[in-house]
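> Show me how the following folds:
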Amino acid sequence: MDPTVAQNACFEAGIKFGSLYHQFAGTPISPDSADSLATAMEEAIENQPYCESVTVGIREDALEAAIAEAGAEYTELTGRFLDVSMTIDHEGCVVETSMAMEDGYPLMRVDSVVE
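Alright, predicted model coming up:
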């Protein structure tokens, strides 16, 4: 049985999250570079097929706390600093997704599917 359009759209969302997370995890980040890194992440993922929009928010309070705790001027990007939302449109099926911290884990989820 072939996957449905909705299943393909959800798969595409998963591909985008995997790319976003694993491409940028470990990138050096500081409060001064947070906005430009968020923009770079958005623009990179929006290049992928079916991606209508990406919004990346950097949790600056958490970022500043991690830097202060380490006694450094920067830290490496992890999911605990990110809030992400994406809209995927595959053959008219629109999937809204998000990633946010839940119980200490950067949880990626499908929020809605509209066929």
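
> in stretch 34-42, what's buried?
Of the residues in stretch 34-42, 34, 37-38, 41-42 count as buried by neighbour count, 16 or more other C-beta atoms under 10 Å. To be clear about C-beta, it is placed using only N, CA and C from the backbone, and glycine gets the same treatment.

> Ok, stretch 79-97 next?
By neighbour count on 16+ other C-beta under 10 Å, the buried set for stretch 79-97 is 79, 81-84, 86-88, 90, 93-97.

> Closest to the centroid, which residue in this protein?
Central residue check for the chain by C-alpha atoms, centre = their mean: the C-alpha nearest the mean position is that of V84, 4.1 Å away.

> That one touches S19, doesn't it?
No. Under the criterion of C-beta atoms under 8 Å, V84 is not in contact with S19, lying 11.6 Å apart.

> sorry, back to before: among the buried residues of stretch 79-97, which are in helices?
Per DSSP state H, helices hold no members of the buried residues of stretch 79-97.

> Kindly reformat the residues you listed as JSON lines containing distance to T55 and pLDDT.
Converted to JSON lines, the buried residues of stretch 79-97 look like this (distance: C-beta to C-beta, whole Å; pLDDT from 0 to 100):
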{"residue": "G79", "distance to T55": "15", "pLDDT": "95"}
{"residue": "F81", "distance to T55": "15", "pLDDT": "97"}
{"residue": "L82", "distance to T55": "11", "pLDDT": "96"}
{"residue": "D83", "distance to T55": "8", "pLDDT": "96"}
{"residue": "V84", "distance to T55": "7", "pLDDT": "98"}
{"residue": "M86", "distance to T55": "8", "pLDDT": "98"}
{"residue": "T87", "distance to T55": "9", "pLDDT": "98"}
{"residue": "I88", "distance to T55": "13", "pLDDT": "98"}
{"residue": "H90", "distance to T55": "19", "pLDDT": "98"}
{"residue": "C93", "distance to T55": "20", "pLDDT": "98"}
{"residue": "V94", "distance to T55": "15", "pLDDT": "98"}
{"residue": "V95", "distance to T55": "15", "pLDDT": "98"}
{"residue": "E96", "distance to T55": "11", "pLDDT": "98"}
{"residue": "T97", "distance to T55": "11", "pLDDT": "98"}
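
> Appreciated, that's everything.
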